[in-house]
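Q: Next input, structure requested:
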Amino acid sequence: MAGLIVSEYIPNTFLYHIFDKSLGSFVESFNMKHVPKSLRPFARVICSGCMVILKANLTKKPHVSVDRNGIMLLIEGDIGAHFYRKNKTHELLSADGVIKVMLKPQFRNSRIYSDVELNGVDFKVYKVGVGGIFASSARKLLNFIIPKTIWPRVQKSLRFAINRRGIRLPTVCGIQFEKLHVDYIKHAALLSADFTIDLPYFIDSFKRFIEADLKHSDEIHEYDRKFRYLRK
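A: Numbering: from 1, shown residues only. From the prediction side, this is the model:
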């Protein structure tokens, strides 16, 4: 059996790189093909070349916190809706908000399962294209639509993929983990598992790794520095 303590520092470091490399942006456009078929003839007459563009972007680094209840993911960002017509773009809506998601992964038969719960959502609308008088109504609409309409669809897909089907843990270099168990403490997750090793495959993989690495070692002293721990 092997045990491992995984600090929340690890996922937070990963999320930092996502934010730092500007990978937390999302752009989606909706045009005529997204209109219900029954309304397309009418839409073509009114505005055949029109398009609605939605943009979302992280404004702060996502943060993961771990306690006895599980893993809490905090996401802060802004969203915008733009209307495109005749080579002109009109801003419809700008808002920023906070979303809190609770995860609690469990392991069964070498698969990861997890329920996904939305713990909180709050959006503040600071600009509405048709006039600031509707900002309050738009804020209430967003705060209603996301938890009541959009999130249930996302949650259903995530639950089907993660909680019903699960994600099978891969066999890495001949090492297969079995009977995994996870407990949660403040700021960390405790993992324990049995494992089996395909020793011939593991040794062969290690040899191929060394051979591949040596091809990038231009000098003998670099090889000596890298693999000095192999010498007795």
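
Q: Counting neighbours, what do you get for residue 99?
A: As a burial measure, residue 99 scores 19 neighbours (other CB atoms under 10 Å). Where C-beta positions appear, they are placed from N, C-alpha and C, glycine not excepted.

Q: hey, what's it bridged with?
A: residue 75, residue 121 (DSSP bridges).

Q: And the one 4 residues further on, by the same measure?
A: According to DSSP bridges, the residues that bridge with residue 103 are residue 71, residue 116.

Q: Any regions of this structure where pLDDT drops low?
A: 34-36, 39, 42-43, 46, 108-174, 213-214, 216-232 (pLDDT under 70).

Q: Let me see the ranges of the strands in it.
A: 2-7, 25-30, 51-58, 63-67, 70-85, 88-108, 111-128, 167-168, 175-185, 188-197 (DSSP state E).

Q: and the gap between residue 73 and residue 187?
A: Residue 73 is 15 Å from residue 187, where distance means CB to CB, to the nearest Å.

Q: Settle it for me: which of the two has more neighbours?
A: More crowded of residue 73 and residue 187, by other CB under 10 Å: residue 73, with 17 against 12.

Q: Keeping just the C-alphas, turn stretch 84-101 into CSV.
A: The C-alpha trace of stretch 84-101 is given here as CSV (Å, rounded to 0.1, in the frame of the first residue of the first chain):
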residue,chain,number,x,y,z
TYR,A,84,-23.1,42.0,-34.8
ARG,A,85,-24.9,43.5,-37.8
LYS,A,86,-23.8,45.0,-41.1
ASN,A,87,-20.1,45.0,-40.0
LYS,A,88,-20.9,46.9,-36.8
THR,A,89,-20.7,45.5,-33.3
HIS,A,90,-23.1,46.8,-30.5
GLU,A,91,-22.5,45.9,-26.8
LEU,A,92,-25.6,44.4,-25.3
LEU,A,93,-24.4,43.4,-21.8
SER,A,94,-21.3,43.5,-19.6
ALA,A,95,-21.2,41.8,-16.2
ASP,A,96,-18.8,40.2,-13.7
GLY,A,97,-19.5,37.5,-11.3
VAL,A,98,-18.4,34.8,-8.9
ILE,A,99,-19.2,31.1,-9.1
LYS,A,100,-18.5,28.5,-6.4
VAL,A,101,-18.4,24.8,-7.2
